[in-house]
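A.B. asks: here is a sequence with its predicted model. Questions after.
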Amino acid sequence: MQVQIQRRRWIASALFATVLSACGGGGSSGTGGFGLAPGFGADAPAAQKIIIDSDYNTMSDDGQLGVMAAQLQAEGKVQVMGITVVSGNKWLRQGVAEALKSVERLGVGDRIGVYAGENYALNHDHADVQAELAAGAGGDGYLGAWSSPEPRTDADLVPIPDGFATHTQVQPRSAVDFIIDTVKANPNEITIFAIGPLTNIAKAVQRSPEIVPLIKQIIYMGGAVHVPGNTTKAAEFNWWFDPDAAQFVVRLPIPQVVVPLDVTDTVLMDRKIYDRIAHPARPTAVTEAFRQEWFAADFESDPSHTSNIWNTLTIAYLLDPRYATEVSEEFVDVIARPGDPQNGRSIGYATPPAGLPLQKMKVVKKFDNARFFDLYVDLLTRPVPVTLKP
């Protein structure tokens, strides 16, 4: 009851904010005909409808989740409404190119549309990043898009090992409009996989706050709730790249599940798992692309090497929450102070501090690793192109 009251209050205040134009103006491009992903029939009522909101890469963890989702869609277990791309790991133009190649490689470009989203964080620029590092933020040195010049044209893109998409085009609508339209057309049915910075989602809610009570749930790969960060000592990369967006979204009265570093740091791909995917009996375009990713050289040269596969845990949780063997319920918040070394830090509270509009959400802490890796290997080594199963 308390959650419902919170959501009603949010609707009233959000609509008032819209009248005052406090949410940046603009609007969605309509809702007609957006209930299904391109080419996906209406005969799979049990499929869970998802939007993958991602700072995409072809076959690292974002791309791996894309493969898993496409194969599960072929089974009728999920319906991928679309992939919305945001800057984070890479600048938007590069991420869009890699998402297009991903769906084309899988043979699902006519069924899963790719939508270009936001290129810059709400309030976190290069000067802020430099100030945070100078103030002692520390971390593993990974800065994602900030590590390379922003591509201004397609000629500036970093080549994809098996080539760019040749016939799959980005969708004409923006990612923000697509999120708004799809949620409105499918009320209380859309799960958003927030596996990159949260800029697209924040912008969608700012533009159309009435979608808040219509979102079924958000499942994040983000945050470091009770463990150190990675990009900085305090913060996990996705929420650090756009802390203001992260703070805004986690405070929304929407059912939310956080898959943070707390658990992803304990689910590591080892050489045996790598070999099952990179060197299968029947190679595919996916397994070949997997063998070209950034982690491959370390696995090929070092039998003891391990690697994170962060985002992939989220879709296993959606399929069956019992993959998570330990889950807490906490009030989660994000620090948003550009230039501060604590910027992007996530905090979990048993009792929310007075005056903060925090939401109680599920925080995943442990996973059934053996069961998960069986699913992971299976989905990444299935035949490609992906074909719909009867």
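C.D. replies: Great, that's in hand. Numbers count the residues shown, from 1 in each chain.
A.B. asks: show me the helices in the stretch 51-200 of the chain, by range?
C.D. replies: 61-74, 92-106, 126-134, 175-185, 199-207 (DSSP state H, counting those that start in this stretch).
A.B. asks: can you redo the ones you listed as JSON lines with mean neighbour count?
C.D. replies: Backbone N, C-alpha and C define where each C-beta goes, glycine included. Below are the helices of the stretch 51-200 of the chain laid out as JSON lines (neighbours: other CB atoms under 10 Å):
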{"stretch": "helix 61-74", "mean neighbour count": "25"}
{"stretch": "helix 92-106", "mean neighbour count": "25"}
{"stretch": "helix 126-134", "mean neighbour count": "15"}
{"stretch": "helix 175-185", "mean neighbour count": "25"}
{"stretch": "helix 199-207", "mean neighbour count": "26"}
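A.B. asks: out of those helices, the one nearest Trp240 is which?
C.D. replies: Closest to Trp240 of the helices of the stretch 51-200 of the chain, according to CB to CB: helix 126-134, at 8.7 Å.
A.B. asks: in terms of secondary structure, what does the closest one contact?
C.D. replies: Contacting helix 126-134 under the criterion 3 or more CB pairs under 8 Å, 6 or more residues apart in numbering; DSSP states H and E is no other helix or strand.
A.B. asks: okay, and for the stretch 251-390 of the chain, where does confidence drop off?
C.D. replies: 390 (pLDDT under 70).
A.B. asks: just the helices in it please.
C.D. replies: Along the stretch 251-390 of the chain, counting by DSSP H, counting those that start in this stretch, helices occupy 261-264, 271-278, 285-290, 296-301, 312-319, 369-380.
A.B. asks: still on that earlier bit, figure out which of the helices of the stretch 51-200 of the chain is closest to Leu252.
C.D. replies: It is, among these and with distance given as CB to CB, helix 199-207, at 6.5 Å.
A.B. asks: now that closest one against helix 92-106, angle please.
C.D. replies: Computed by axes from the mean of the first three to the mean of the last three CA atoms, to 10 degrees, the angle separating helix 199-207 from helix 92-106 equals 110 degrees.
A.B. asks: mean neighbour count added to the helices of the stretch 251-390 of the chain, as CSV?
C.D. replies: Formatted as CSV, these follow (neighbours: other CB under 10 Å):
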stretch, mean neighbour count
helix 261-264, 24
helix 271-278, 18
helix 285-290, 21
helix 296-301, 14
helix 312-319, 24
helix 369-380, 17
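A.B. asks: closest to Ala234 out of the helices of the stretch 51-200 of the chain?
C.D. replies: helix 126-134 (9.4 Å).
A.B. asks: fine by me, thanks again.
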